[in-house]
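Engineer: no sequence on this one, just coordinates:
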């Protein structure tokens, strides 16, 4: 169990503190939803969680097999929808993995990314197209 404490700071901004580490982050409402867009919005954090989760789970598999995943990158493009209610409609994910990986390694790493907890949590509620590029 992890506790995160969140304080409303005013002007559509919040501060969140991660219980175990004490690390903090700030959120701001996006410009298209009455904010200033000066920090991550709550929905930006969902997109960030997806990308970092996918890379982390791939990293766990890479460690198990002594593969070098350093320099791998994920780009997540968030698309909001307004009908029937404002929400994330689509998170397009592009994963680029440098280096040479054989077909077996690619399969293991791709499966790891697609089974990360955040991807599984979002499930059918959000479109989640994922594209991998290798080398």
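Structural biologist: Thanks, I have the structure now. Computed from a prediction, not measured in an experiment: that's the story for all the values here.
Engineer: what pairs with residue 6 across the strands?
Structural biologist: residue 16 (DSSP bridges).
Engineer: Verify the stated contact: it with residue 14.
Structural biologist: Yes: here residue 6 lies in contact with residue 14, judged by C-beta atoms under 8 Å, at a distance of 5.4 Å. Every residue, glycine included, has its C-beta placed from N, CA and C.
Engineer: Mind checking which of these two has more residues around it?
Structural biologist: Shown here are residue 6 and residue 14; by other C-beta atoms under 10 Å, residue 14 has more neighbours (16 against 12).
Engineer: Contacts only, for that one.
Structural biologist: With contact set as C-beta atoms under 8 Å, 6 or more residues apart in numbering, residue 14 has these partners: 6, 7, 8, 26, 27.
Engineer: so what are the domain limits for the chain?
Structural biologist: 4-33, 42-134 (automatic domain parsing).
Engineer: got CSV for those, with mean pLDDT too?
Structural biologist: Listed next are the domains of the chain as CSV, based on pLDDT from 0 to 100:
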stretch, mean pLDDT
domain 4-33, 97
domain 42-134, 96
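Engineer: what's the most buried one of these?
Structural biologist: domain 42-134 (a mean of 15; mean count of other C-beta atoms under 10 Å).
Engineer: Can you tell me which residue is spatially central in the chain?
Structural biologist: Nearest to the mean C-alpha position of the chain, by C-alpha atoms, centre = their mean, lies residue 50 at 2.4 Å.
Engineer: hmm, back to that, which one of the contacts of residue 14 sits closest to residue 83?
Structural biologist: For those, the closest approach to residue 83 (C-beta to C-beta) belongs to residue 27, at 24.4 Å.
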